[in-house]
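Peer 1: Whatever this is, show me its structure:
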Amino acid sequence: MSIAENLQQIKNSIPLTVTLVAVTKTKSVTEIMEAYDAGQRDFGENKIQEMVAKYELLPKDICWHMIGHLQSNKVKYMAEFVHLVHGVDKFKTLVEINKQAQKYNRIINCLLQVHIAKEETKFGFSFDEITAILNNQEYQSLQNVKVIGLMGMATFTEDETQIQAEFHLLSQYFQTLKVKYPQFTTLSMGMSSDYSIAIMEGSTVIRVGSAIFGRR
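Peer 2: You can find the predicted model right below:
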């Protein structure tokens, strides 16, 4: 099937309330344009350099999502145009995003990454750390970042029961925070292999690469 057909198939299978981010890491401009011409506007990259290079070459109505692990020293390269930062996993990264956003007179939307997987290799805050950040006065003084929700990655496993349990845990925490923080509208969880489980557990954004563009 073509990229356009894959996209259509996924869009037909998910609720209208869920945003599909097409993950374009290692994909060519030609492949991205095929998805763009099929109506896709949200694209995700996990490396800032790659995202910047593609931003320069591609239509400017694309919403670029930074979905990978974020190094503070690279934030300045994307601050002018990034639509949503999914993986903020250190407080100092938020401070840096705020600083760089000020230069462009922008407010950059961010998600705090929560560590829900059993693997130690995944990044993210604990629930307690997130609660501490949200109550932190320094955080509350940041004028150019807006935390609009959470992001999480489940354990890389065939065990769907475990994946569902991890997504469920994050979703419950998100619902609790939403009561106190009405700006929490976005829960980013689910990739090509597990997005249907994530949606069932309340995800509002899924990050899908191989199911659209094929295996690398």
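
Peer 1: residue contacts, the most centrally placed residue in the chain?
Peer 2: Residue closest to the average C-alpha location in the chain (C-alpha atoms, centre = their mean): residue 86, at 3.3 Å. Contact analysis of residue 86 by C-beta atoms under 8 Å, 6 or more residues apart in numbering lists 44, 65, 66, 67, 111, 113, 151, 188, 205, 207. (C-beta placed from N, C-alpha, C; glycine too.)

Peer 1: Touching, the fourth one and residue 42? I think so.
Peer 2: No. Contact status for residue 67 versus residue 42: not in contact, 10.7 Å apart, counting by C-beta atoms under 8 Å.

Peer 1: Looking only at neighbour counts, state which of the two leads.
Peer 2: residue 67 (28 against 17; other C-beta atoms under 10 Å).

Peer 1: Mind giving me the ChimeraX select for the contacts of residue 86, buried ones only?
Peer 2: In ChimeraX syntax, the buried subset of the contacts of residue 86 is picked out as below (16 or more other C-beta atoms under 10 Å):
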select :44,65,66,67,111,113,151,188,205,207
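
Peer 1: In strands only, show me the contacts of residue 86.
Peer 2: Those of the contacts of residue 86 mapping onto strands are 44, 65, 66, 111, 113, 151, 188, 205, 207, per DSSP state E.

Peer 1: Dump those to TSV, plus distance to residue 8 and pLDDT.
Peer 2: As requested, the ones in strands among the contacts of residue 86 are exported to TSV (distance: C-beta to C-beta, whole Å; pLDDT from 0 to 100):
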residue	distance to residue 8	pLDDT
44	19	98
65	20	98
66	26	98
111	27	98
113	30	96
151	26	97
188	22	98
205	19	98
207	18	98
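
Peer 1: which one of the residues you listed is nearest residue 9?
Peer 2: Closest approach between these and residue 9, by C-beta to C-beta: residue 207, at 16.8 Å.

Peer 1: Could you measure from that closest one over to residue 136?
Peer 2: Taking C-beta to C-beta, to the nearest Å as the measure, residue 207 falls 28 Å from residue 136.

Peer 1: Nothing else from me, thank you.
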